[in-house]
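**Q** Here's a sequence, model it:
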Amino acid sequence: MNKTTDHFKRTIQAYLDNRAAEDKLFAANYNKPNKNIEDCVTYILNWVQKSGCNGFTDGEIYSQAVHYYDEDDIEVGKPLQCQVVVNHTVELTDEEKAEARQQAIRQYQAEELRKLQNRNKAKASQKTNAQQVELSLF
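**A** Next comes the predicted model:
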């Protein structure tokens, strides 16, 4: 899974962990040996794909996760290759933050260098035009 799908999986799992801690009836379903978070995510992604919709509320997705654990005879579907966008703040590790900062600095430096080069080209072009004008006047 890619990082965004991993984040989606962690988000769903955190919700289910909290729900199981608060709801003993759900906890029994959540701990069924034939159920796991990978199949739960696959079920949700297939459900989303079949719906034809592109966006869902947290409640709609969480209810499908609970539904997966509640139902014994549920068709999970085949794993999908897709990217999931989670509308939550993604917590970056310190390493990811440092890399993002370095990338931003490199991008800024490249942009400033490009501006300087374009400015120098414009000045050189103006000098050439000025010299040509002077030469054509005589």
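
**Q** When you work out contacts or count neighbours from here on, use the C-alpha atoms and nothing else.
**A** Will do.

**Q** Where does pLDDT dip in this structure?
**A** Residue ranges of the chain with pLDDT under 70: 1-4, 83, 85-92, 123-138.

**Q** Domain map for the chain?
**A** 3-70, 92-138 (automatic domain parsing).

**Q** Check the offset of stretch 16-31 from the chain's centre.
**A** Its chain's C-alpha centre and that of stretch 16-31 lie 28 Å apart, by Cα atoms, centre = their mean, to the nearest Å.

**Q** Mind listing what's buried along it?
**A** Buried residues in stretch 16-31, counting neighbours by 16 or more other Cα atoms under 10 Å, are found at 16, 19, 20, 26, 27, 29, 30.

**Q** was I right about the first one contacting residue 64?
**A** Right, residue 16. No: counting by Cα atoms under 8 Å, residue 16 does not reach residue 64; the two are 11.1 Å apart.

**Q** just so I know, which of the domains of the chain lies nearest residue 82?
**A** Between residue 82 and the domains of the chain, the shortest separation by Cα to Cα is 8.1 Å, and it involves domain 3-70.

**Q** so where do the helices sit in this structure?
**A** Using DSSP state H, the helices assigned to the chain run over residues 3-22, 24-30, 37-51, 58-70, 94-137.

**Q** And those: which comes nearest residue 84?
**A** Closest approach to residue 84 among the helices of the chain is made by helix 3-22 (5.2 Å; Cα to Cα).
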